[in-house]
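Chemist: When you get a sec, could you give me coordinates for this:
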Amino acid sequence: MARQRMSTSEAASALGISPDAVRKRASRGLLDSEKDEGGRLYIWLDDDTPPTGHDTPGAGQDGRDVLIEVLREQLREEREANRENRRIIAGLVQRVPELEPARESPESPETASAEPYSTHAPPEQQEPSQRRERSWWRGFFGLE
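Modeler: I've put the predicted structure just below:
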């Protein structure tokens, strides 16, 4: 069994596929290949390597039929998984208690409007020594 070193275009012609398909198969390790010092890709093919492209009588149709069947099976599996996920979600939603009404903030609306820092009026100017720095997260969690 003799082996021949071919360029990607020569290998593509011998296999009956596009040069891009040859490069992809070489990158996946499906075809023996090597690169020269300049980075050019060469493919090693056996003399008895059959063509794999659509030029082969009947090979294209059989390959498409197999691909279609694989895709149909995958679609069936995905639909089944989707049904299972919906069933799980429905079960979880039934277990979730109704949300409690929102709690009042520590500052009632009457107190908030009476403070000098309300959203309706700008704060009074204070000396830096008089101003107390407030952390937003302390206010948010009601720690101040």
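Chemist: use CA for all of it now, contacts and neighbours both
Modeler: Noted.
Chemist: And the average pLDDT for the helix with the most length in the chain is what?
Modeler: Scanning the chain for the longest helix, with DSSP state H as the assignment, gives helix 59-95. The pLDDT scores in helix 59-95 average 83.
Chemist: Show me which residues of that helix are buried.
Modeler: Neighbour-count burial for helix 59-95, counted by 16 or more other CA atoms under 10 Å, picks out no residue.
Chemist: so what secondary structure elements neighbour that helix?
Modeler: In this structure, helix 59-95 packs against no helix or strand, with contacts taken as 3 or more CA pairs under 8 Å, 6 or more residues apart in numbering; DSSP states H and E.
Chemist: Tell me where the model's unsure across the protein.
Modeler: Filtered on pLDDT under 70, the chain yields the residue ranges 1, 48-63, 98-102, 105-134, 144.
Chemist: Okay, domains of it per the record?
Modeler: For the chain, the structural domains run 3-46, 57-91, going by automatic domain parsing.
Chemist: With distance to residue 142 added, can I get those in a markdown table?
Modeler: What follows is these, written out as a markdown table (distance: least, CA to CA, whole Å):
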| stretch | distance to residue 142 |
| --- | --- |
| domain 3-46 | 59 |
| domain 57-91 | 35 |
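Chemist: wait, which of those is closest to residue 140?
Modeler: domain 57-91 (32.7 Å; CA to CA).
Chemist: Which parts of the protein are strands?
Modeler: Here the chain has its strands, by DSSP state E, at 3-7, 32-35, 41-46.
Chemist: deepest of those, which one?
Modeler: strand 41-46 (a mean of 18; mean count of other CA atoms under 10 Å).
Chemist: Okay, angle between it and strand 3-7 too, please.
Modeler: 150 degrees (axes from the mean of the first three to the mean of the last three CA atoms, to 10 degrees).
Chemist: Show me what strand 41-46 is packed against.
Modeler: So strand 41-46, by 3+ CA pairs under 8 Å, 6+ apart, packs with strand 3-7, helix 8-15, strand 32-35.
Chemist: can you rerun that using 10 Å?
Modeler: Packing contacts for strand 41-46, counted by 3 or more CA pairs under 10 Å, 6 or more residues apart in numbering; DSSP states H and E, involve strand 3-7, helix 8-15, helix 19-27, strand 32-35.
Chemist: So which of these is nearest residue 90?
Modeler: helix 19-27 (43.9 Å).
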